[in-house]
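**Student:** After the sequence you'll find the predicted model.
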Amino acid sequence: MSDQQPDISDLRRSLDGVDSGIVGLIAQRGRLIAEIGRLKEHGTSAIQDADRERQVLAGVEAVAADLGVSASLVHRIFRELIGDSVAQQARHLAGAATGRLRVAFQGSAHAYSDAAARKYLAARGAEGDLAGYGTFGQAVGALLAGEVDLAVLPIENTSAGSINEVYTLLREHDLFISGEETWKVDHCLAAVQDVPLSSLSRILSHPQGLEQCAQFLQSLPHAIPASYLDTAGAVAAVAAMGDPSVAAIGSAEAAQAHGLVVLRHGIADSQDNYTRFVVLSAAATPVDVRIACKTSLILITRHEEGALLRCLEILSGSGHSMTKLESRPRPGRPWEYLFFLDFEGNAAEPRTAAALDELRLAAQYVKVLGSYPAKALRHPAHPGSLPDAPAAEAPADTLEAVAADGATAGHRSRQYRLVDRASRAADTLVQVGDLLVGGSGFAVMAGPCSVENAEQIAATAKFVRDHGAHVLRGGVFKPRTSPYAFQGLGWKGLELLVAAGREIGLPVVTEVMAVEQAQRMAKDADILQVGARNMQNFDLLREVGKLDRPVLLKRGLSSTIEEWLAAAEYIVAQGNQQVILCERGIRTFENATRNTLDLSAVAVVRERSHLPVIVDPSHSTGQRRYVAPMAWAARAAGAHGLLIEVHPAPEKALSDAEQSLSFGEFAALMSQLAAVPGPSRATVKAPNANLP
C-alpha cells in the first residue's frame with residue numbers, strides 16, 4: 001500500500017460520484033413508484049399505506065444503525081422520499097396537467113406567496129404564468145373574473161395564526177379550495193448597506209411579517225415598523241430608496257434579487273415558522289377517492305344546547321379526524337359565531353358524503369369549501385374510505401334509520417330527505433334578528449306589497465311594529481304578470497326598506513328574483529323571499545342555498561306539496577338550513593278568490609317536514625275582506641306565522657291594492673288574532689342561546 005495521502009480533489013471527485021449514484025438511485029426508485037402507481041390505477045387500494053411507511057422507515061433506520069449512520073438523518077431523508085412518492089402517485093391518478101395555468105398571488109416576485117405558488121405547480125408537474133396582485137381581494141377578483149385559473153393565498157401561520165381577510169373572502173364569495181401548500185418562512189433583515197442595527201430608523205414588511213418578528217423588532221427601540229403590501233415589495237422599496245437607515249423584513253432570495261445586504265438571518269419569533277397556503281378555484285375540483293384528502297367547510301350551529309358538540313360527534317362517529325376548528329364572529333349578528341372546520345376526508349367518498357348530509361341536518365348552515373389533496377395527515381393510516389370499503393358506522397344508515405316522534409312512519413319522499421321529518425324529529429327554528437320562527441312561535445311579517453317612497457314605508461313600518469308585527473315586509477323587485485305594471489323601485493327601494501326597518505328595530509324580508517341579485521341583497525335584507533313564480537328556478541334556489549341568510553320559500557301557483565318540499569331541498573342541500581315555507585294559495589278552477597288557500601298544506605307540511613311554515617292570506621284571497629278570517633284560520637291550523645300586506649292608503653297602492661289592509665284593518669286583525677287558539681307568541685332568542 002502506498003503511504004501517499006489522497007489529494008482532496010480526488011476525494012471530492014469520489015464524493016461527486018457517490019452523489020451522482022444517489023441521484024441515480026432516486027431516479028430508479030421513482031421509476032418503481034411509477035410502476036406501482038400504474039398498478040394501483042386499476043385497483044381500489046389507497047395510495048398511502050401507513051403500515052408500509054412505518055416498515056420502510058424502521059428498516060432503513062436499522063440499516064443506518066448497523067452502518068453507524070445517523071438514524072434521524074436517514075429518517076428525514078426517507079420521509080421526504082416517501083412524501084414525494086405519494087405525491088407522484090397522486091399526480092398519476094389526477095392525470096397530467098394540461099396547458100399553462102394562470103396563477104394569482106398577493107404580492108410581487110420573490111414574495112413567499114410567489115414561492116409557494118411555484119412549489120405547488122412543481123409538485124403537480126405543471127407549468128404556469130404567475131401574476132402578483134396588490135391585495136388578497138384583487139387576486140380573488142381576478143379569479144372570479146376568469147383572468148386566472150387559480151389563486152394561491154396564505155390562510156394561517158404557525159406563529160401569527162390565521163389570516164382573517166382570506167377567511168372573509170372564502171365566506172363572502174363563491175370560491176372553492178382545490179389544494180394546499182406549505183412554506184417554511186425564513187425571515188431575514190436586509191438593507192442597502194451593512195450597517196449597525198442601532199442605526200435603523202424604519203423597518204418595512206407585510207403586517208404578517210412584522211407580527212411574526214415582533215420579539216426581534218422590540219429589540220430595536222429606535223426602528224419604527226411600517227406595513228407594506230408584501231415582503232418582497234418591501235425589499236424592493238428599500239432597494240429603491242437607497243437609504244441605509246431603512247431596512248426590510250423578507251426572504252433572503254428577495255434580498256439577493258434586489259441587491260440588498262442581509263443584516264440578520266432567522267429573525268422570526270419561532271424557528272418553526274410555516275405558512276399554510278390554500279389554492280383557490282372558481283369551481284369545485286373532484287379528487288380521486290384513493291388520494292388522501294382534507295375537506296374544509298364553514299359551519300353555523302343551530303340555536304340549541306350542545307349544538308356544536310353534536311356536529312363534531314357526527315364527524316367523530318363516522319371516523320373522520322378533525323384537523324382544524326376556528327371560530328369567527330358572524331357578520332351582522334353580534335355575539336354569534338361561525339366556525340371554519342377542516343377534517344380528513346373526501347366529499348366524493350360515500351362515507352364522507354353521508355356524514356356531510358347528517359351534518360347539514362344537525363347544523364343551521366354548512367358551506368363546503370372543497371375537498372383537496374392534503375399535504376399532511378394526522379392519521380395517514382386512514383386516508384379515506386374506498387368505494388367498496390364498508391364503514392364501521394355509516395351515517396347514511398343512521399340517517400335512514402331515524403324515526404321521528406310524531407313523524408309519519410310510512411312516508412319518506414325520494415325527492416327530498418334533508419327536509420323530511422323522518423330525518424329530523426325536532427322542529428327547525430329559523431333565527432331572524434332576535435326572533436325565532438318555528439316551533440311553538442307565531443311570527444307576523446307585515447308591510448306593503450311594494451316600497452313606493454320613504455314616507456310610505458316609514459309610516460307602515462312604525463305602525464305594524466306598534467301593533468305587534470315582528471318582521472317588516474316590502475317588495476323592491478316586483479314580478480308582475482303585466483310588463484306595464486309597477487315593477488318596483490329596485491335597489492333604491494331596498495335602501496328605503498332597510499332604513500325603515502333599522503329605524504324602528506324590525507328585520508326585513510323582500511323578494512329576490514334573479515341569481516345575480518342574491519349576494520348583493522343578502523348584505524342588507526334579513527330574509528330573502530323566493531316568490532311563487534321562482535319556486536322551481538333551481539339556479540336561484542342553489543344560489544340562496546349558498547348564502548347565510550334565512551329564505552322564505554313560497555309555494556308555486558300550481559305546485560304540489562311534494563314539489564314544494566323538493567324545492568326547499570335544493571336550498572338545504574347547498575348547506576343553508578334556514579328555510580321558512582310559505583303557503584300562498586294555489587291556482588284551481590275556483591275564481592271567487594284570487595287563489596285557493598290550501599290550509600290543509602299547513603298540517604301536511606308540519607307532518608312531513610321539520611321546516612317552519614307560514615301562510616300568506618293576502619295573495620291567496622286577493623281581497624282584503626277575506627284576509628282576517630283566513631289569518632285566524634291559519635293560526636288555528638298550526639301555521640308558524642303570517643305574511644300580510646298593509647298600506648297607509650290601500651286605494652292608492654301601486655300594486656295589489658285590493659288585498660292590502662289599511663292601518664285600521666291590520667290593528668283589528670292583530671287584536672283579534674291573540675284570541676285564536678294556536679302556537680304561543682313568537683319565540684325570542686335568549687342571549688347567547690346559540691353559543692357552543
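**Tutor:** On my side now, so go ahead. Residues are numbered from 1 along each chain as shown.
**Student:** ok, now which ones touch residue 105?
**Tutor:** 111, 113-114, 116-117, 130-133, 139, 151-153 (C-beta atoms under 8 Å, 6 or more residues apart in numbering). From N, CA and C alone the C-beta is placed, and that goes for glycine too.
**Student:** And for residue 636, the neighbour number?
**Tutor:** 13 (other C-beta atoms under 10 Å).
**Student:** so how far is residue 183 from residue 250?
**Tutor:** Between residue 250 and residue 183 the computed distance is 13 Å (C-beta to C-beta, to the nearest Å).
**Student:** who has more neighbours, these two?
**Tutor:** Using other C-beta under 10 Å as the criterion, residue 250 and residue 183 rank with residue 250 on top: 34 against 20.
**Student:** Just the pLDDT for the nearest residue to the more buried one once chain neighbours are set aside.
**Tutor:** Nearest residue to residue 250, sequence neighbours excluded (C-beta to C-beta, 6 or more residues apart in numbering): residue 231, at 3.8 Å. For residue 231, the pLDDT comes out at 93.
**Student:** and the gap between residue 231 and residue 161?
**Tutor:** Distance from residue 231 to residue 161, by C-beta to C-beta: 17 Å.
**Student:** between these two, who's got more neighbours?
**Tutor:** Legend: neighbour count by other C-beta under 10 Å for residue 231 and residue 161, higher for residue 231 (28 against 12).
**Student:** can you pull the contacts of the more buried one?
**Tutor:** Counted by C-beta under 8 Å, 6+ apart, residue 231 has contacts 107, 111, 112, 187, 205, 206, 209, 248, 249, 250, 251, 254.
**Student:** how about a cut-off of 10 Å?
**Tutor:** Each residue near residue 231 by C-beta atoms under 10 Å, 6 or more residues apart in numbering is listed here: 107-108, 110-113, 185, 187-188, 204-206, 208-210, 248-251, 254.
**Student:** I'd like to know which elements the longest helix belonging to the chain is packed against.
**Tutor:** Secondary structure of the chain read by DSSP state H shows that its longest helix is helix 8-41. For helix 8-41, the elements it packs on are helix 71-94, judged by 3 or more C-beta pairs under 10 Å, 6 or more residues apart in numbering; DSSP states H and E.
**Student:** Tally up the residues packed near residue 119, please.
**Tutor:** 15.
**Student:** ok, now how distant is the closest residue to it other than its chain neighbours from residue 294?
**Tutor:** Distance criterion C-beta to C-beta, 6+ apart; nearest residue to residue 119, sequence neighbours excluded, is residue 181 at 5.7 Å. In this view, residue 181 and residue 294 are 13 Å apart by C-beta to C-beta.
**Student:** now do residue 85
**Tutor:** 20 Å.
**Student:** Between residue 250 and residue 183, which contacts overlap?
**Tutor:** Common neighbours of residue 250 and residue 183 (C-beta under 10 Å, 6+ apart) are residue 112.
**Student:** Mind pulling up the pLDDT for residue 407?
**Tutor:** For residue 407, pLDDT reads 39.
**Student:** residues contacting residue 464?
**Tutor:** Counted by C-beta under 10 Å, 6+ apart, residue 464 has contacts 444-448, 470-473, 504, 506, 644, 646, 661, 663, 666-667, 670.
**Student:** can you count the residues close to residue 523?
**Tutor:** The number of residues packed around residue 523, counting by other C-beta under 10 Å, is 13.
**Student:** Please tell me how far it sits from residue 342.
**Tutor:** Relative to residue 342, residue 523 is positioned 27 Å away (C-beta to C-beta).
**Student:** and if you look at residue 532?
**Tutor:** 40 Å.
**Student:** Tell me which of the two has more neighbours.
**Tutor:** Relative neighbour count places residue 532 above the other of residue 532 and residue 342, with 24 against 20, counting by other C-beta under 10 Å.
**Student:** buried set for stretch 554-571?
**Tutor:** 554-556, 559, 561, 563-571 (16 or more other C-beta atoms under 10 Å).
**Student:** ugh, wrong one, stretch 325-340
**Tutor:** Residues of stretch 325-340 classed as buried: 330, 336, 337, 338, 339, 340 (neighbour count, 16+ other C-beta under 10 Å).
**Student:** Alpha carbons only: can I get that stretch in PDB?
**Tutor:** Only the C-alpha atoms of stretch 325-340 are listed here, as PDB (Å, rounded to 0.1, in the frame of the first residue of the first chain):
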ATOM      1  CA  LEU A 325     -61.700  24.300  14.300                       C
ATOM      2  CA  GLU A 326     -61.700  28.100  14.500                       C
ATOM      3  CA  SER A 327     -64.500  30.500  15.400                       C
ATOM      4  CA  ARG A 328     -65.200  33.800  13.800                       C
ATOM      5  CA  PRO A 329     -67.800  36.500  14.600                       C
ATOM      6  CA  ARG A 330     -70.900  36.100  12.500                       C
ATOM      7  CA  PRO A 331     -71.300  39.300  10.400                       C
ATOM      8  CA  GLY A 332     -74.300  41.400  11.300                       C
ATOM      9  CA  ARG A 333     -75.100  39.100  14.300                       C
ATOM     10  CA  PRO A 334     -73.400  40.400  17.500                       C
ATOM     11  CA  TRP A 335     -72.100  37.700  19.800                       C
ATOM     12  CA  GLU A 336     -72.900  35.000  17.400                       C
ATOM     13  CA  TYR A 337     -70.200  32.800  15.800                       C
ATOM     14  CA  LEU A 338     -69.500  30.700  12.700                       C
ATOM     15  CA  PHE A 339     -66.800  28.100  12.600                       C
ATOM     16  CA  PHE A 340     -64.200  27.200  10.000                       C
END
